Each structure stands twice: as C-alpha cells, then as structure tokens.
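Colleague: this one's structure only:
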C-alpha cells in the first residue's frame, strides 16, 4: 500500500487532530517526509490542518479512501528520478555529501541529457574520481535507456579516440561490437560502440528475460513452492552482470552464458514431472535386484566409461577419489577422500588396539606387583618345606619303612636315621639278621 | 605340576586367603574380636553368619575350592597367626578355641 493511503488510513482512525511527529512515529517514517505528504494531501483536499493545529482527514479524503481513488505518484513511492540517481551513486559507493552535491549540479541542468550529466559530474566542485564518474554516468544512461552520445564514446567505453579512429576496435558487425541497447524488450541499434551489447548478446539476454518472466508467471500461481527456475535464471543474470557491464571478452561471456544456461536447462528439466501412467511401486526385493543388475552393467562398461570420461585407470585403492563427509576430531564435519578415510580408520583401529594392549599390560603389571610379595613368600615357604629338615605343614610326614621278617613274619621298621647297617628281627625267638641289600630287596 | 610347584601354589593360596581374613579382621577391629573371644563366642561363626546369602555362597565356593587344592582351614589359621601376631593370643591362647573355630568352618563348608 502506498504511503499516502497509509497516511489517510492512520488519520481516519483518529478522533481529533494529530501531531506530525506522532503520525510519523506511527507510520515509522521520517517527520520531514510525513510533513511533505500531509502538505500534498492538503493541497489535494484530502487532509485539513497544519503542523501547529494538527492534521485531520477531510470528508473528501474519507470518500476517496473508500472509493480507492487515491492516486500515488512517483514521489509517493520514493522513486523519483533524483532519488534513483542518488541511489545509483550510493550503490557505487560514493559518499553521501558528494552525492548530494553532484546531484544538485546535475539537476541544475537537463538531467536526461547524458552529455550534460557527464559534464556536470566532471566539474571540479563534484570532486569525483574519473572511474566513479564514468560508472555513474553509464549507469544513469542505462537507466534512461539511452545510447552513448558520440562525444562520450572514448570516456564511457574506455576506448581511446585514436583507437576508434584507426579502427583498432572490433570490425563493424562482428560479435565483439557493442552496438545495441535493449528498449522495451527489443534490441535497438544505437551505433558502433555506443550500445551495451552485441546483437547476439542482446537476443540472448532477451531470451533469458522472456524465460524468466514466463517462470515468474507460473511462480505466481504457486508461491508456496521453494525457489525455482525463475530464481535460478535471476541468478544467471546476476552472475553475468559483471561480465556484461565491464566489457569482458565476448567469447568468454558466451562461454559462461552457455554453461550457465546448460546447467539451468538440466535443472529445469529435472523439475518437470514425467508424463504417463504412474509405475507400479516396486518391492524392496525388486529394487535390490534392479540395483544389482545396474551395478553389474556399470562394472561391465566401466573401462568404456572411463575411456569416454577420460578417467585414468586406478592403480591402487579403487575407493580413492571418492569424497565422503566425516566428523573430525573437533566435531566439525570434514570432507575427505574415501581412501584417506579408510587409512585414517585403519590408523585409529591400530592405535586403539595398541592402547588396549598397553592397558592389559599395565593391568598385568599391577597384578604382578600386588602379588609378587605373596608369590615370593609362597616360594620361600615351599622351598622351606621341600628341605629335608624342613617341617612340612601342608602334607603328612612320610611313614617309616616297614619290613616283614621272612622267617617268622614279624613286622619291624628301621630305626630313625638308619644308614644301612644290618637289622635284626625283633622277634627274640627268630633273631634273624638282615643286611641292607636284603631289606631293600 | 611338579611337587615343588604344587606346594608353592598351595602356599600362595594360603597366603592370599589369610590376607583376606586379615583384611576382614582389621575392618572389624581386633579389640572387638578379643571381646567376642573372651565371651566364648566364635569369631568365624559370627563373621560367616553376618554375610549375605550370595556372599555366603561365594565364600563357601572359594573355601571348598581351596580345600580341594589341599588347603585346610588349619593351614589358613596358622598363616593368619603368622601374618597377624596380635591374633595369636586369641586363637592359640585359649584352650580348644582354634579347634572350635576349625570345626565351625568345616561345618560351614558342609552346609548346602
């Protein structure tokens, strides 16, 4: 809604006169701008009052508001030629005070005369650098949809007069010439090196614009759609703009344009739904079977595809060259070569195994440290027991050897610390004496 | 296993088992045990009865294993006395106290 309508709407809701400042605050506009609009509305009879008394909507204003008969002007919309001129200056990056000064100079004459604009901006008082002045003048000329005046060719095109006269520029009619400007969606020839584009470039740009407007038309019917082809075409235009405006080599420009258009064409085609009856949904098993067959085909045609695409034969890891996204040590996602990822994982696994082995060794060492004293004590005790004079507390003492007398069958044993001397049978009636060999036999 | 190795292993087990008892005794406090012994109450019986059912089962299993390896309660008590000379007056100083403790332990091992 235009500012004037908002202004009248705001006044209509008020019971009494309203201060300019309050109104400006409510409309989130500047006080000066609001006052200007109120004065204009008062002149047209829609508003009554002054800054001192306050402002009120008149009956005529109410009626016009109800009928929708509020005519907005360029000034209402904030797009006067002066504002546009200043906006270009701001866009170029010229300081605000210089913009105001230069605009005043330009508006002191015919601001639609490019010769005059160039002259006014070139004055000493404007204090503008040559390149900024050239860009500003050229942009304003393009805004006014005018060709380059003959006297300004050298200055605005960056071509020396000598070069133009000697014919160093492109031949007439060659693709490198900038002979055309676009007016009302039509290429208009304005003279050699006086326009913005060659004929073919102008046609290409118009074709892109036509496509853009077509997609814009379809986009309006479905605004909920995500950014689509129209936005993509806008991106193409935005990407090409620097090349177009700065006199880049046309061959390069065309190459870039062709690439961009091809990309967009593929993108657009991919968005067009396929016609025909919907295919029956495949089962998971069928999908797997299809995938397997496709993979098999790919494997068969791999060498051919490699030859066509110019991919060299891989000598080592077949996964080398495949980018994969992994999480880095700091948690940030990283894109790495698959072969490198596998090597990295292998390294991590070996490190983990080494850590586990180290942990197990440390645990074992700890256990040994805890038990070594007990073990030593156990060994000492066992050695003590094993000694003949040692007292074995863990096993029963060996029983003394018992012999049986062959004559009277009386049993007897060897005396303690027997060294092998002959022993007599303890039976007094027998009394037979046995040698060591006889006893042990 | 050779005789010496088996003997060393048995000794090691005796030392470890005695150490466990020593830790339990230190936790309970030697003075308390003395009081129990003076009152004629079996220390081992009191300790084993105070265990939870799973703990009892675990202790029984461990002690039975030791018994199968030739480690008798008498050996453990002897080793315990060696490691804790302060407990010797309690175990060896009272007539039949050690024998009673061994009987209590043997009875505990036979419980199902």
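Modeller: Here it is on my side, so go on. These numbers were taken from a predicted model, which means no experiment stands behind them.
Colleague: can we go C-alpha only for contacts and neighbour counts from here?
Modeller: Fine.
Colleague: what is the burial count for residue A:196?
Modeller: Residue A:196 is flanked by 26 other residues according to other CA atoms under 10 Å in any protein chain shown.
Colleague: go on, residue A:430?
Modeller: Summarising burial for residue A:430: neighbours were counted as other CA under 10 Å, giving 14.
Colleague: ok, it - contacts?
Modeller: With contact taken as CA atoms under 8 Å, 6 or more residues apart in numbering or on different chains, residue A:430 is in contact with A:407, A:408.
Colleague: just the pLDDT at it, thanks.
Modeller: Here, the pLDDT recorded for residue A:430 equals 79.
Colleague: ok, residue A:356 next?
Modeller: At residue A:356, the predicted lDDT confidence score is 94.
Colleague: pull out the buried residues from stretch A:27-45.
Modeller: Neighbour-count burial for stretch A:27-45, counted by 16 or more other CA atoms under 10 Å in any protein chain shown, picks out A:31, A:34, A:35, A:37, A:38, A:39, A:41, A:42.
Colleague: tell me the two of those that are most distant?
Modeller: Every pair in the buried residues of stretch A:27-45 was compared (CA to CA); the two farthest apart turn out to be A:31 and A:42, at 16.2 Å.
Colleague: residues contacting the helix or strand of chain B with the lowest mean pLDDT, please?
Modeller: Comparing helices and strands within chain B by mean pLDDT, DSSP states H and E singles out helix B:88-91 as the least confident, with a mean of 80. Under the criterion CA under 8 Å, 6+ apart, residues B:34, B:37, B:81, B:97, B:98 lie in contact with helix B:88-91.
Colleague: report the buried members of these.
Modeller: So, of those, B:34, B:37, B:81, B:97, B:98 end up buried under the neighbour-count rule (16+ other CA under 10 Å).
Colleague: farthest pair within these?
Modeller: Across the buried ones among the contacts of helix B:88-91, no pair lies farther apart than B:37 and B:81, at 15.0 Å, counting by CA to CA.
Colleague: quick one: is the longest helix seen in chain B near chain A?
Modeller: As far as residue count goes, and with DSSP state H defining each element, the longest helix of chain B is helix B:3-28. Yes: for a cut-off given as CA under 8 Å from any CA of the partner chain, helix B:3-28 has contacts with chain A, namely B:4, B:7, B:8, B:9, B:10, B:11, B:12, B:15, B:16.
Colleague: elements contacting that helix?
Modeller: helix A:338-386, helix B:73-83 (3 or more CA pairs under 8 Å, 6 or more residues apart in numbering or on different chains; DSSP states H and E).
Colleague: near the closest residue to residue A:51 other than its chain neighbours, how many other residues are there?
Modeller: Nearest non-adjacent residue to residue A:51, counting by CA to CA, 6 or more residues apart in numbering or on different chains: residue A:20, 6.1 Å away. Number of residues near residue A:20 (other CA under 10 Å) recorded here: 21.
Colleague: residue ranges with poor pLDDT in chain A?
Modeller: A:1-2, A:71-78, A:157-177, A:214-253, A:256, A:271-285, A:292-322, A:388-402, A:416-417, A:441 (pLDDT under 70).
Colleague: secondary structure class for the residue of the stretch 1-150 of chain A found nearest chain B?
Modeller: Ranked by CA to the nearest CA, the top residue of the stretch 1-150 of chain A for proximity to chain B is residue A:28, at 80.3 Å. Using DSSP: H, G, I helix; E, B strand; the rest coil, the structure places residue A:28 in coil.
Colleague: OK, contacts around it?
Modeller: With contacts defined as CA under 8 Å, 6+ apart, residue A:28 is in contact with no residue.
Colleague: buried ones in the longest helix of chain B?
Modeller: B:7-19, B:21-22, B:25.
Colleague: near chain A, which residues of chain B show up?
Modeller: Contact residues of chain B with respect to chain A, defined by CA under 8 Å from any CA, are listed as B:4, B:7, B:8, B:9, B:10, B:11, B:12, B:15, B:16, B:70, B:71, B:75.
Colleague: what does stretch A:112-125 rub up against?
Modeller: With CA under 8 Å, 6+ apart, stretch A:112-125 has contacts from A:101-102, A:105-106, A:109-111, A:126, A:128, A:130, A:133-134, A:137, A:141, A:144, A:148-149, A:151-152.
Colleague: kindly apply the preceding question to stretch B:39-56 instead.
Modeller: Contacting residues not belonging to stretch B:39-56 are listed as B:33, B:36, B:37, B:100, B:101, B:104, B:105 [CA under 8 Å, 6+ apart].
Colleague: for chain A, what spans make up the strands?
Modeller: A:47-50, A:54-57, A:180-183, A:186-189, A:323-327, A:333-337, A:402-404, A:411-413, A:423-424, A:433-434 (DSSP state E).
Colleague: what's the burial count for residue A:54?
Modeller: If you count neighbours by other CA under 10 Å, residue A:54 ends up with 16.
Colleague: contacts only, for it.
Modeller: With contacts defined as CA under 8 Å, 6+ apart, the neighbours of residue A:54 are A:17, A:18, A:19, A:20.
Colleague: distance from the helix or strand residue B:55 falls within to the middle of the chain?
Modeller: In this assignment (DSSP states H and E), residue B:55 forms part of helix B:53-68. Distance of helix B:53-68 from the chain centroid (CA atoms, centre = their mean, to the nearest Å) equals 12 Å.
Colleague: quick one: it to helix B:73-83, angle?
Modeller: Using axes from the mean of the first three to the mean of the last three CA atoms, to 10 degrees, one finds that helix B:53-68 and helix B:73-83 are set 100 degrees apart in direction.
Colleague: what's the burial count for residue A:91?
Modeller: By the other CA under 10 Å criterion, the neighbourhood of residue A:91 contains 10 residues.
Colleague: hmm, I typed the wrong one, I wanted residue B:38.
Modeller: 12.
Colleague: again, but for the one 10 residues further on
Modeller: Other residues near residue B:48 number 16, with proximity taken as other CA under 10 Å.
Colleague: for it, helix, strand, or coil?
Modeller: Going by three-state DSSP: residue B:48 is helix.
Colleague: and it, how close does it get to residue A:95?
Modeller: To residue A:95, residue B:48 is 95 Å away according to CA to CA, to the nearest Å.
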